[in-house]
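Trainee: One predicted model, sequence on top.
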Amino acid sequence: MDKNIKVKNVIVKTAADFFMPIALIFGLYVILHGHLSPGGGFQGGVIVAAAVVLVYLGYGHETTENVFNENLLKKSETFAAIMYAGFAFLGIFYGANFCRNVLADKMGAAGELFSSGTIFWMNFSVGFKVLTGIGFLSLIFFGLLKEKNNESK
Amino acid sequence: MKKFMTFFSLTVILVTGLFVMKSMAVLPATYDGVAKILVDTTIERTRALNAVTAVVFDSRGYDTLGESFVLFTAISCSAAILRKGLKGR
Amino acid sequence: MTNHLPIIAIQVLFLGAFISGLVGYKSNSLRKFVIFLATGTSLVLTLMLFKPVMMEGQIISYWMGNWVPVSDWAIGIGLEVDQLSLFFGLIVTVTVFLGAIYSFKYMSKDNGQDKYYVVFMMLAGSVLGFVFTGDLFNMYVMIEIMTFAAVGLTAFRNHKAESIEAAFKYLVVGSIGSSLILLGTVVMYAQFKTLNLAQITALLNNAQHTPVILFAFALMIGGYAVKAFIVPCHVVAPDAYAAAPSSVSMLFSGIVNKAGIYGMIRLVFVVFASMNLPSMQFLLVFLGTITMFIGVTMALAQSDFKRLLAFHSISQIGYVLTAIGLSTILGLTGGLYHALNHTLFKGLLFLCAGAVLYSTGTTDLNKLGGLAKKMPQTAGLFLVGAFAISGIPPFNGFVSKWLVYQGTFAKSMETNNPGYVFVTIVALIVSVMTLASFIKVTQSVFFGQLPKEFENAEEVPLSMRIPMWILAALCLVAGILPTAVIDYLIKPAVLAIKSAGNYVAVMMGQEYATKIYTEGIAIPKYDYAMAGWNPTSWLILFGVLLIAFALVALTGGFNPRHIVGAENNNAKFDVFFSGEAAEHSHVAGNDLFWGLKHNLKGYFHFMHDVHNGVVNDYALMVVSTTALVMLYLFLLVK
Amino acid sequence: MLLENYLCSIVLIVLGLYAIITKKNAFKIVIGMGLVDYGINLMLVSAGFRVNGTAPIFDAPTQTQYFFVDPVPQALTLTSIVIGACVTALALSLVVKIKEHYGTLDTDKVRRLNG
């Protein structure tokens, strides 16, 4: 496995360069339009997390480690989980029950981007959580590959 | 013995499963249960066009909360398992 | 405000996990403070539910996001805290609180503590969420978090190969169990188009018992049997209990397999109550009897402290299951009481094992010995736990075991079925064997010779002793005041089990319930009698005996040397092992029952072959159990 | 059409269980666990099927003529898929560690805990 990944390959690098912005933009689109079109936080988050894999494939271990900070990703994931629970707790603060969509009437009409109340924000926080979480998971597994490379050399 | 038990139990599950599935697989052409109420009130209650997202984040939002906690737990566990452990103890 | 308490109690635990994850890996004391605060808050919030639910008899229903039922269909997810849920919820929060306090010092030698506490709190929150929820799919999600967290904690000491191996086996077997539960849930949804437990209960009340329902029922029983470690599915439990850190083993025996038991009770007695299956109850009694017997005999053959305790844990779960399977008032009382007691004394015993591991670094019974001199408090507390689990009055094990014996015997009188008397006899034999194996442990860990390498073993720190003291005190309280415990904790829970109609009425509205239950909602009469058991007189008797013993000992009347005789120097009274005098060869604790093991070697070899450590065979056991339960239900239920 | 879905899901589940029980390679066991998950997901999606139903997404807020498939099982499937992915991730990290400690993935040799 370790021998097959040629990190300095020009074709892979160019392809990674080309596809990474697309993956980022498309993923963000899927996250933000979760309440209007097919998709949602989970799906979009995974698409964005693919960017981590693309960076790894194109540029190798050193660049990946420089670009992404493992601890920051982990803390962002935790923060996103708190954010989700916070939006769920909004219901209690507004005098209704947990998970109540209290903002539904206060935002735009149905069909607009900023509509559907906490669904939009929960979608966003889940997307954020998934992209950081899956990115962190990918980084852990890449770390294993790096150890293998060092041992075999 | 082991081989017998393997084939015996898998056959039991397969046969009863197929039997049950055959009686389950009726083609419903109408709504019943929760789905009709949910679909009819989606726009009014949640202002979301995507009914699946509305179900995921509003009426079953607590499940999704649990689901994201599953992901969090799995990632934390993976990080804990793959961390550099104590050596020689 | 009372309505919001359950959800806040659950979420506080989860938020504690996240905040302790945000604190980072540097500031340990801040993290401990956060954990202490979160578990403490959760305990207080659950205790605040005690008065309205247990004493005033309210059942709290809570619809997530105010999605109340529309035209008799439950749309959203509901929490429903009835007396049974709160009973298990109290067990969970108390165990978690004590386990967290114990972890503070116990885990201080390990690295990666930030990850430990995060996963620990996720485990705690998920089990609390599991027992409070009123939704079939939500039960699956919560039990899945629980399984993942338990696997992660089993593998936490990842420098040991055993931890990783145990975790892998647990994950494979546990995820088969979860898949079975999910499959059952899916089939139920396809059949009833709803996921709310109360509504399914109501719909099942008038439904025909089609093959689809039996299929779903068998799958879910199989899945929860894996989670509760009932015997053919128990094989991963000892591996996981022994490999995990002790504070986590306490959680495993205290709340993880209680979650499985809770799921089974909820399914068999509330959701599927209308089926009123005598054959299902017989199956539970049968499985429970096998569970307690195999658990205790395997425990006799063990040589590792924590592995032995793990097998005892399986055996005690067998008591709980047997008693619950009787489905009489007396049986259910005994079963729930034993579930409570099991949490208390098994938690205490695991914490003692952890204390031994903390100060000596090993749990191998053959290497340990004589620690009573070095760790007197741990030894005393261990004796309390050992007495409690063996059912010696005035500790709590006696009360619940007595109720189990009495329940099985009364059931046999009721049904004229001598099979239940056989169950009583097995329960008595198992109790004796439990005492025997604890004599072995006590002898080989705390008494006997002190090996050279443990000369400077010390008593564990105060923060580890406090949870042990609390658990020991609770053991004693539950033993001395059984009537109070039954009146305030067990009786409401048993009544909640027996009145499924009430469960529906609170959740779906009174009108809906009266429409389904046309004959009205019956709440059974509660009567139990604890024949011949009066705790205060037993206590006085023990006090008198103790004083008499002390008087005789003080006046010199009792001297063990006098029994041997005057010519005690004579070599013929010495004990020899293969030509060596006894004081030179340490009698290994493992050998104390070698005669029994030798005489029953066919049985023990067979059991050893069954627990062969190959994960495929363990998976096969789970699958064949499910298949057999399915076959049993399809053939015998009409 | 729908009957095949249900039957295939049961066959997939049984094949997954068969892989878990008979395959001696830890990695193949993980694949078997995945198969069981996919079978359940297939059944879950099929449970929400309605004849002539469309995807449960409104074209416009004012749409009055619609006939959707049941959205609830789709939401449950989403949860179930994520949980299946988590099982795989956790199991793979354990497999990596087993290889590190035991030097093999053969489950007949990974049996230090027995008896």
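Mentor: Received the coordinates, thanks.
Trainee: residues in chain D within reach of chain A, list them.
Mentor: By CB under 8 Å from any CB of the partner chain, the residues of chain D that approach chain A are D:55, D:57, D:60-61, D:78, D:82, D:89, D:92-93, D:96. No exception for glycine: its C-beta is placed from N, CA and C like everyone else's.
Trainee: how about a cut-off of 6 Å?
Mentor: D:61, D:96 (CB under 6 Å from any CB of the partner chain).
Trainee: For the one residue in chain D that gets nearest to chain A, give its distance to D:F67.
Mentor: Closest contact between chain D and chain A, by CB to the nearest CB, is at D:P61 (3.9 Å). Going from D:P61 to D:F67 by CB to CB, to the nearest Å gives 18 Å.
Trainee: Low-confidence regions, chain B specifically.
Mentor: For chain B, residues meeting the criterion pLDDT under 70 lie at B:26-33, B:85-89.
Trainee: Quickly find the element holding A:F98.
Mentor: Following DSSP states H and E, there is no helix or strand that holds A:F98.
Trainee: got the residue ranges for the helices in chain A?
Mentor: Along chain A, counting by DSSP state H, helices occupy A:10-32, A:41-67, A:70-93, A:118-152.
Trainee: chain center to the first one, what's the gap?
Mentor: The chain centre lies 13 Å from the centre of helix A:10-32; the measure is CA atoms, centre = their mean, to the nearest Å.
Trainee: and that helix with chain B, contact?
Mentor: No - for helix A:10-32, no contact with chain B is found by CB under 6 Å from any CB; the gap never falls below 11.0 Å.
Trainee: Can you tell me the SS state at the residue of chain D closest to chain A?
Mentor: At D:P61 the chain is in coil, as set by DSSP: H, G, I helix; E, B strand; the rest coil.
Trainee: check contacts around it.
Mentor: By CB atoms under 6 Å, 6 or more residues apart in numbering or on different chains, the residues touching D:P61 are A:110-111, B:43.
Trainee: for C:V485, same thing?
Mentor: C:A478.
Trainee: can you give me the helices for the stretch 451-600 of chain C?
Mentor: In the stretch 451-600 of chain C, helices defined by DSSP state H, counting those that start in this stretch lie at C:462-480, C:482-485, C:491-498, C:500-508, C:510-516, C:535-554, C:560-564, C:594-599, listed in chain order.
Trainee: Near chain D, which residues of chain B are found?
Mentor: Counting by CB under 6 Å from any CB, chain B sits next to chain D at B:6, B:10, B:13-14, B:17-18, B:21, B:25, B:27-29, B:34-35, B:39, B:43, B:49-52, B:55-56, B:60, B:63, B:67, B:70-71, B:74, B:77-78, B:81-82.
Trainee: quick one on the thing from earlier: any chance of CSV for the helices of the stretch 451-600 of chain C, columns distance to A:N101 and mean pLDDT?
Mentor: As requested, the helices of the stretch 451-600 of chain C are arranged in CSV below (distance: least, CB to CB, whole Å; pLDDT from 0 to 100):
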stretch, distance to A:N101, mean pLDDT
helix C:462-480, 42, 91
helix C:482-485, 43, 86
helix C:491-498, 32, 89
helix C:500-508, 22, 84
helix C:510-516, 25, 80
helix C:535-554, 54, 79
helix C:560-564, 76, 50
helix C:594-599, 64, 78
